[in-house]
Each structure stands twice: as structure tokens, then as C-alpha cells.
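Asks: Predicted model follows, preceded by the sequence.
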Amino acid sequence: MLTLEGVSKHFGGLTAVREVSLQVRAGDLLGIIGPNGAGKTTLFNVIAGYYRPEAGRVVLEGRNVTGLPPHAISRLGLTRTFQIVKPFGNLSVLENVMIGALSPLPSTRQARAEAERVIAVCGLGLHAHARARALPLALRKRLEVARALATHPRLLLLDEVMAGLNPTELVGMVDLVRRLHADGLTIIVIEHIMAAMMRLAQRIVVLHHGEKIAEGTPQEIASDRRVVDAYLGEDFSLAEA
Amino acid sequence: MRWLAPGRAAAALLFAGAAVVPLLSRDSFFLDSVILILLWGSLSAAWNVAGGYAGQVSLGHAAFFGIGAYAAALASARYEQSPWLGLAVGVLLSIVAGALIGYLSNRLKGPYFALSTIAFAEVLKIVASRWRGFTAGSEGIPVPYRPGFWTLGLDHVAWLYLALTLALVCYGLQVYLEKSRVGYRLAGVREDEDAAEALGIATRRLKVAAVMLSAALTAVGGSLWAQYVGFVDPAHVFSIDLSIRFALNSIIGGMGTALGPFLGSVLITMLETYLRATFSGMKAGFSGIYLIIYGTVLILVVRFAPEGVTGLADRVWRRRGAARAEAA
Amino acid sequence: MDPARRLGPAEIDVFAQLAVSTLLLGGIYALIAVGLTLIFGIMRVVNFAHGEYLMLGMYLAFWAFSLLALDPYVVLPASLVIFFVVGLLTYALVMRGVIHASHNVQIFTTVGLSIALQNVALVLWTGDFRVIRPWHSSVVIRLGGTAFNLSQVVAFAVAVALTIGLLLFMRRTHTGRVMRATAQDRDAATLMGIDTDRVYRLTFAIGIACVGAAGALVAPLYATYPQAGLQFVLIAYVVVVLGGLGDMAGALLGSLIVAAVEVAGSYVFGAAWKEVLYFVLFIGVLVFRPAGLFGQRGAETLGA
């Protein structure tokens, strides 16, 4: 469904992503992990069209989408969320999600109905009329997911939707992602916290200093020497969260 | 975007009130005030399309106003054509100018966008003042009065209904921007462009389109204003003061609301009239004191009521609604 | 506005004269712009009322000259102090409340301030053009085929001295470093125990003191009237955007570029069209290099 071929992205002299290739098949739930500054979000920005890579190609369902603007890529069925949440702060939760739903749907009436459905799925029903900026972080993360979901993506990119959540909220979010996947959505998840990913993803790609250093099932990754080394420099361990 | 039902009612009251004014009074001073309220309100609503709904806060809308004003004035004074023809030309030119400004300033945010629009209006002001052979330079152009609808030589009552028509068009357009698909998407662009892009919204194109629409409406207002007042000169029609005035009405009334610009226009025009009456005895004083207060009001409003009068009313309304819900 | 032509005798060497005029004009623009860019760099506020403080500075020099017969250059030190205090007051009364507000709120706050100050001047002193001619404005200095008057030279020298003094202050003193740290990262500065409110207050006061002093320097060269600030502040924006908003060394270079465009433009196209030139330059820079000629891309979205 999505193929990356040798994608590289530099900022000045700094290489944020170096020759990363990977494949996502329909129905996958792929995790991308790596320590801070490993280039995870940069990779998302390249995939979703926010950055143009210096080298390599991004191919979505057989179509080269490298260099297309984000909105065009979104219309092709790939929608992302943002690590630093970007709610439409002055609008209500319902309006936020409606704007997402208006991409596939022509009328505000249909979009409202669809938004209400998605809001219920994401467990935001009680907050539909709250101003987005007034929500606590956990709900704003859910709003990110709901809004993206309303565009009816075939491939969903979730950028650290679990970071900053407390254990209860985390369980809720993991459960939501699982349900979406079970309903047939293809999902790529970026996460900093390895433990959450171990429980969630079918397959994991590890980035370190912008390079892909490992790929495999959670079990394979957990026992991969290089991955452990990459994480040792940090305060994170498999036991966290 | 929120203060819907009571806002609509207030607007209906405002426009209906304006429509019946000629039945009650033929006092030309009074009619003139109403005409100007409607005209400034419409111009501010035009600004609001870009500034309030699309988040493209311009301080150079006088550029479009001036283009409209000059097009109409030149059509009737220089070419002895109908000012309506000039208006059409002005609108087209403004759309082109709006596309240019919108496209060139597309990536600019906040103060950068405001600065670039100021620079645009300044360039046009200088061109209009220096291109003597065509625009008559800084002396300006007196617009001849030729009675008739086609020549826009109208009496006050006809002007009032013309201004009311423009106001209703602008108001209706804003309501459309609140209710429609494109309006919601525009709100997304205003609130967060990156997020809007992620949802499949072509943010750049939408922003440019909003500026073009806003420019076109502003040019219509400029053309009508030139014919109504009967005189255009570059120092006024392209001035920053004018651009600020468009913005100010919307800010005081409530940016991004359909009623806001008109409410702001009513309040500012009333303030102006009141101060004119109070300070008219002073030498050189009136416009100065009026503008000192105007500037101070602007500072206070953005500080303490950044959502304007409609925003304040909305808050009160909701608090009362909540209290009633609790009581029940 | 047009030093090259005002002096005009045919025997002066055109290019040398243009170069000198550029330099003299650039120095004055630098002093106006440096306060603007300082305030933007540290507070992330574009001060649309900056020109009005210049205008008030010009009036101060005008009244000191015509009432007390004080030379503008004698008034200069007092200007610095007075406008420093004016800056403190403005900060406390107006700016402090909007420092963390949205762009729109900040834009319209300073726009409102600009309108109010302009019209305070109009009410107090009418709209008449006021001109002062101290002795040094009629002393012509001729040097190697160029000619300029003493006022221009002094204005230039003082402007450059003040600008460099400010640069040194920012680089060498503890307070200056604290201010730059705050500019780099507001939140980190707060975490490190920097009193950001104090930094902003000081920044605003210094910026206003600079432009107030600039007012005293330009008073012998240009007419004083309530809207006098507008023409300069528009130039100052061009300078600041060229140099990169917030970049003080860039502002120096930007001043020279704008002065060169102005001087050369009025020589080639006539004084009437030179403003068009620098606005076109301005729009060009905003559109193609919004972070300034030398700045990094992406800075235009800072603080958004």
C-alpha cells in the first residue's frame, strides 16, 4: 500500500532521515520507534508531503506521491495526526471533526452526521460541543485521531498519540487503535514509548540517527542487540509504561 | 461563529430598521449617517471575509477600495461612461490585485502578512499620486453629478437602498461562510493551516480565493463610495487609516461573525457623530480627539474583549443559558 | 528626503556623492530600525507605533529649539532618558498586557497606539509642518568632490555610535546576554529564572529610547508634523525585514541597502518614484526571503 524507497531528508548539514526504505501492506499495523531525535516525525512529514525529500520516493498504492502537497496526499487516502496536537482551537469538537468529514462528503448535513458517529467511536461523545482548546491533553489527542478518521483514510499515520497520557488514558488509546485496525484500517504508529508499541504493533521499524537499524516482529526487535544499544543511551527501557 | 440565533435576529432588526428609515424621516443628515453605516459596515464585512473568516489579517485593504474608487471616478469623470462600468472594471482589477497579493503573501503569517499588504497599498498610493496624466495625481478627481441610476446620480433615499442592498449581499455572503462546506473548511485554514492540509484542504488556494472575494467586495464599496461622496484622492482612498477602519469595525463588532462588522460600524459611526457634536467647537480639535479616542478604544477592545461585542454578548448569553439550565 | 539633489552644484562627483549620501542616510535609518528590530527580536511584537515615537522625538527637539533655543544635539542625551521612561510607561500601560496575546491582538494594539499618539500630537501642536534650522544645518562640508551638511554628518556619527553601543551592550553585558537568551527561547529563559517581564520592559524602553533619540537627530533634516513618523517607519520595516526581523547587525546592513536604493533610485528615476522602488524591494524580500536576505528560512513563522 505504501512503499518508501531510499528516502533521505537533510536540514542544512544535518541528515534527519537517511535512505530509509520500508513497505506497508494493506491491513498492517506498523510501529515506528526510536529515541528522541531519531527522525520519526521527519519521516512522517516526508510521507505526508510536508517535507520534500532530497532523495528517494514515496509510493502510495502504486502512485509516486513524492513532492505532492499534503492536501493532495490526504485526498489520496493518507491522513496523519500531529505529535504536537493542532486542534482548531476556537471551534467545537464537533466542528473540528466535521471539517475532517467535509473532505469526503459534500454537504454539512452529512458531515455532521458522520462527525457525530466518529466522535462516538473515539469516545468524545460527552465533549462534542466543548471548545477544542479547552480540552485536556488526552482528549485533544483523541480529537486528533477523530478528525483524521473523519476524512475516511485508507492509511492512518498516528504521531505519538500516546505520549503524555497516564496509564488509564494509555490503555484507552491502545484499545482505540486496536479497534480501528480490527475494522480494517491500515495504520502506522510512531511512538517513543517502546512498551506500548510492543503490545500494539504487528511489525516494528526502528529508527536511530535517521537510519533504519532494525525491522521485525516485536519479539525480534526486543532481542535485537542494536536496538537495545540505541535505547541504552536514554532513560527508557522496555519496562517503562 | 457561535452567536447565531440572537445574532441573526439583531441583524434582521438592524437591516429592517435601515429599510424603514426613509419612511420616518427625510432629514439628509440622518439619512447620510445610515448610508455611511451601511457602506462602512459592508466594507468591513468585505474585510472580514479575508481577515475574520480566512485569518488573512490585512492592513492594506485600502488598495482594493482605491482601485474601485478610481475605476468608477475615472469612468465617469474622464471617459464620461457609466460608473457602473467603472465599478465592473474596478472589481476585475481588484480581483487580479487580490490574487497577486494573496498569492505572493501566501506563506506569510501575522505581522508579516499585515506589513506586505501595507506595502501594496502604499505602492498604489504613490502610483496614483504620481501618475498625473491618468489619475490627476494628488489633487484628486471630482466626480461629476449626473442624475440617474445609470450614472449613479441619486438622492439620499435611493442611495440608502443601494447601500442596504450591498450590506445584505455582504451579510448573506458571510452567513454562507458560516454555514457552508467551504466556510467550515476556511475556518479550519484560519485556525491551523498544517492541520487543515492534513485533512485534505488546499489551504493556499482557499486563502487566495478568500482574499480575491474580499478584494472584489471592497472594490464595489470603493466605487459606490466615490460616487456617493463625489471626490477621490490618493492620500485618502489608499490610506492606512482607511484599511484600519475596515478592520476596526470588524474587531469591535466581532471578527469572523456576520453581524460583527455591521455592529462595529453602528458603534463607531455613533461614536463619531457624538464626538463631532461634542467637540465641534474646537479648532483643529475634532478629528484629533475623535481619533485619540478611536485609537484608545481599539487598544482597550483588543485587550479586554478580543472577540468584540458579539463575543461579549455570546459569553453573557451562554452564561445565562447555563444558569437557566441549572435552575431547571 | 533627497540629499543628493539638494546640494546639487554640478561640480560634485556624482558617484562619490551618491555613496556618501547613502552612508549618511543609512546611519539614520539604522538607528530607527535597530529599536524596531530589538523589540521584535526579543518580544516577538511588531511595533506599528514605532514611527510615532520618532515623531514625538522630533517634536521634543523642535520645541526645545524654538522655546529654549537648545540645539537638538544638546537635547539628545535628555531625549534618550525621556524616551526610555516613555518606553517604560508604554510597556506598563499598553504592551505588558498583550505580550502573550495573539498576533492580531498585538498588531491592533500597536496600531491603536499609533493612531492615538499621532492625534495627540495633532491636537496639541496642529498639523502644521515645523522646521528648525540650527546653525549646523547650513554648514556645508566639501570633501573630495562631495558635499554634505554638518547636521547630516553629526546625525550619522551619533546614530552609528548609538547603534554600535547597543550592539556591544547586547553582546558584552550580562543584561544584554540575558535579553538575547530570552529572545532565543522564552520558556527556557523563564525556567532558568530569568524575569522575562523585566527583560521585556527593558527591551521596549531601550527600543523607544533609540527611536526617540533618532527623532532629535533627524529634526534638523526633515519637517516635523504629526504623521512624520509614517514615512520613516515604513522605511524602518523595509530595513528590518531586509536584515531579518530581530537581527540587529542585519538591520545595519539593511539600512545601507535601503539607503542605497533610495539614493540611487532618486538619482535614476527621480525622487517621486524612489518609494515605489523600496516598497517593491520590501514585497520582494517578504515574499522570497521572509527571514531577511541573510536569515534562515522558516523564521517568518516564529511565534505563530
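Replies: Alright, I've got the coordinates.

Asks: Next up, phi/psi of B:Ile141, please.
Replies: Phi and psi for B:Ile141, reported as degrees, to the nearest 10, are phi -120, psi 120.

Asks: distance of it from B:Lys125?
Replies: Computed with Cβ to Cβ, to the nearest Å, the distance linking B:Ile141 and B:Lys125 is 15 Å. The way it works is simple: take the backbone N, C-alpha and C, and place the C-beta from them, glycine included.

Asks: now swap in C:Leu168 and tell me
Replies: Distance of C:Leu168 to B:Lys125, given as Cβ to Cβ: 40 Å.

Asks: out of these two, which sits in the more crowded spot?
Replies: Remark: of C:Leu168 and B:Lys125, B:Lys125 carries more neighbours, 25 against 11, as counted by other Cβ atoms under 10 Å in any protein chain shown.

Asks: Would you mind measuring from that one to B:Gly222?
Replies: 13 Å.

Asks: ditto for B:Glu197
Replies: Here B:Glu197 is placed at a distance of 34 Å from B:Gly222 (Cβ to Cβ).

Asks: And the strands in the stretch 1-150 of chain C?
Replies: Using DSSP state E, counting those that start in this stretch, the strands assigned to the stretch 1-150 of chain C run over residues C:140-143, C:146-149.

Asks: winner for burial among these?
Replies: strand C:146-149 (a mean of 21; mean count of other Cβ atoms under 10 Å in any protein chain shown).

Asks: Which strands border it, and is each parallel or antiparallel?
Replies: strand C:140-143 (antiparallel) (DSSP bridges).

Asks: Pull the partner strand out as PDB, backbone CA atoms only.
Replies: The C-alpha trace of strand C:140-143 is given here as PDB (Å, rounded to 0.1, in the frame of the first residue of the first chain):
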ATOM      1  CA  VAL C 140      28.400  72.700   4.100                       C
ATOM      2  CA  ILE C 141      31.300  70.400   4.100                       C
ATOM      3  CA  ARG C 142      33.100  69.700   0.900                       C
ATOM      4  CA  LEU C 143      35.400  66.700   0.700                       C
END
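
Asks: which element is A:Ala214 on?
Replies: Following DSSP states H and E, one finds A:Ala214 within strand A:211-216.

Asks: so what does that strand touch, helix or strand wise?
Replies: When contacts are defined as 3 or more Cβ pairs under 8 Å, 6 or more residues apart in numbering or on different chains; DSSP states H and E, strand A:211-216 packs onto strand A:14-24, strand A:203-208, helix A:225-232.

Asks: what does chain A put close to chain B?
Replies: Contact residues, chain A versus chain B (Cβ under 8 Å from any Cβ of the partner chain): A:48-50, A:69-72, A:74-75, A:79-82, A:86-91, A:95, A:98-100, A:102-103, A:106-108, A:111, A:147-148, A:150-151.

Asks: So for the helix of greatest length in chain A, what gets flagged as buried?
Replies: Longest helix of chain A, by residue count under DSSP state H: helix A:167-182. Within helix A:167-182, the residues that count as buried by 16 or more other Cβ atoms under 10 Å in any protein chain shown are A:Glu169, A:Leu170, A:Gly172, A:Met173, A:Val174, A:Leu176, A:Val177, A:Leu180, A:His181.

Asks: Mind checking which of the residues of chain A next to chain B land in helices?
Replies: Of the residues of chain A next to chain B, the ones assigned to helices by DSSP H are A:70-72, A:74-75, A:95, A:98-100, A:108, A:111, A:147-148.

Asks: Make TSV from those and add pLDDT to it.
Replies: Shown next, in TSV, are these (pLDDT from 0 to 100):
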residue	pLDDT
A:Pro70	95
A:His71	95
A:Ala72	95
A:Ser74	95
A:Arg75	94
A:Glu95	95
A:Met98	96
A:Ile99	96
A:Gly100	95
A:Thr108	92
A:Ala111	95
A:Arg147	96
A:Ala148	95
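
Asks: so who does residue 216 touch?
Replies: In the absence of a named chain, this looks at chain A. Contacts of A:Gly216 were listed using Cβ atoms under 8 Å, 6 or more residues apart in numbering or on different chains, and they are A:Arg203, A:Ile204, A:Asp224.

Asks: look at chain B instead
Replies: Applying Cβ under 8 Å, 6+ apart, we find B:Ala216 in contact with B:Phe64, B:Val91, B:Ser94, B:Ile95, B:Gly98.

Asks: Same question for the first one, what's its three-state structure.
Replies: Recorded secondary structure, B:Phe64: helix (DSSP: H, G, I helix; E, B strand; the rest coil).

Asks: ok, it touching B:Val220?
Replies: No. Using Cβ atoms under 8 Å, B:Phe64 is not in contact with B:Val220; the gap is 9.5 Å.

Asks: So if I had to pick from those two, which one is more boxed in?
Replies: Neighbours were counted for B:Phe64 and for B:Val220 using other Cβ under 10 Å; B:Phe64 has more, 39 against 25.

Asks: distance of that one from B:Val169?
Replies: B:Phe64 is 16 Å from B:Val169, by Cβ to Cβ.

Asks: Please apply the same query to A:Gly123.
Replies: Using Cβ to Cβ, one obtains 44 Å as the distance from A:Gly123 to B:Val169.

Asks: can you check C:Arg198 too?
Replies: Counting by Cβ to Cβ - C:Arg198 and B:Val169 are separated by 52 Å.

Asks: Name all residues that make contact with the closest residue to A:Ser74 other than its chain neighbours.
Replies: In space, A:Ser74 comes closest to B:Gly200 once its chain neighbours are excluded; the distance is 3.8 Å by Cβ to Cβ, 6 or more residues apart in numbering or on different chains. B:Gly200 makes contacts with A:His71, A:Ser74, A:Arg75, A:Thr79, A:Ser103, A:Thr151, as judged by Cβ under 8 Å, 6+ apart.

Asks: Great, nothing more from me.
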